[in-house]
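> Show me the folded form of this:
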Amino acid sequence: MARNRFFTLMALCLIGALQAQTFSIARVHYSGGGDWYSDPSSLPNLLTYVKENTPVSIYPEEVRIKLTDDNANQYPYLYLTGHGNLRFTDNEVIALRSILMNGGFLHADDNYGMDASFRREIKRVFPNKDLIHLPHDHPVFHIYYSLPKGLPKVHEHDNKPPQALALFEDERMILLYTYESDLGDGWEDASVHQDPWPVREAALKMGVNIIYFALTQ
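Numbers count the residues shown, from 1 in each chain. Here you go, the predicted structure:
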């Protein structure tokens with residue numbers, strides 16, 4: 001209980017800073033054959049949930065960028081998802097490294113089938129960094145909503161537990177990789193996957209926590 005109160009107080013202290021910002025999410029358009037555009041209703045629904053349940057000022061539509069776009073480094077929160085292969089060009093590797101090392105944050109959400117290519121490509125971006133598993137008591141699971149079981153499980157695929165893995169630069173988390181969870185499916189319109197509300201709500205709450213953590217760490 002004391003830990004939950006601490007994270008609640010920490011989140012409340014950060015509300016003032018977030019109220020002054022207009023926040024949106026930039027979806028990464030990558031090459032390689034993967035469906036970077038999957039779950040089209042997911043990010044608008046997440047942004048609406050953030051707007052209705054937190055003090056954050058929201059631009060309700062996702063932005064779509066390529067990593068080499070001139071304005072890509074203007075977005076502090078990038079989102080990448082898909083089912084299939086992704087591949088970065090050499091210029092995209094350099095651009096993503098620069099964005100993340102200069103204050104940016106990437107949430108990569110495996111929509112089942114992206115894992116092998118994502119791990120390969122992110123190793124090209126940061127060859128000297130390894131993904132670190134986050135325990136259930138990490139602040140990302142408690143900063144706004146308390147999720148004591150950690151990353152929620154939306155859909156079952158390979159009988160593996162959901163995993164939250166991160167890359168850090170010193171103490172700052174620069175990348176969060178959500179694997180075997182299908183958060184984006186949980187953010188989709190209810191009619192798409194027919195998931196019950198408690199499952200969708202847990203996914204949305206996790207999305208809020210990731211945003212809050214990324215913007216306030």
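> pull the CA atoms of the longest helix anywhere in the chain into CSV?
Longest helix of the chain, by residue count under DSSP state H: helix 197-216. Output of helix 197-216 as CSV, limited to C-alpha atoms (Å, rounded to 0.1, in the frame of the first residue of the first chain):
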residue,chain,number,x,y,z
TRP,A,197,-14.2,-4.6,-21.1
PRO,A,198,-12.0,-5.6,-18.2
VAL,A,199,-9.4,-6.8,-20.6
ARG,A,200,-9.6,-3.7,-22.8
GLU,A,201,-9.6,-1.4,-19.7
ALA,A,202,-6.4,-3.0,-18.4
ALA,A,203,-4.7,-2.5,-21.8
LEU,A,204,-5.9,1.2,-21.8
LYS,A,205,-4.7,1.7,-18.3
MET,A,206,-1.3,0.3,-19.2
GLY,A,207,-1.2,2.6,-22.2
VAL,A,208,-1.8,5.6,-19.9
ASN,A,209,1.0,4.4,-17.6
ILE,A,210,3.5,4.1,-20.4
ILE,A,211,2.7,7.6,-21.6
TYR,A,212,2.9,9.1,-18.2
PHE,A,213,6.2,7.4,-17.5
ALA,A,214,7.7,8.3,-20.8
LEU,A,215,6.9,12.0,-20.5
THR,A,216,7.8,12.4,-16.8
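> Quick check: which helices or strands does that helix pack against?
On a contact count with 3 or more Cβ pairs under 8 Å, 6 or more residues apart in numbering; DSSP states H and E, helix 197-216 meets helix 2-19, helix 42-53, strand 77-82, strand 105-110, strand 172-179, helix 183-187. Where you see a C-beta, it was placed from the backbone N, CA and C, and this is true even at glycine.
> Distance from the chain centre to it, please.
9 Å (Cα atoms, centre = their mean, to the nearest Å).
> Equivalent analysis for stretch 197-217, please.
Worked out by Cα atoms, centre = their mean, stretch 197-217 lies 9 Å from the chain centre.
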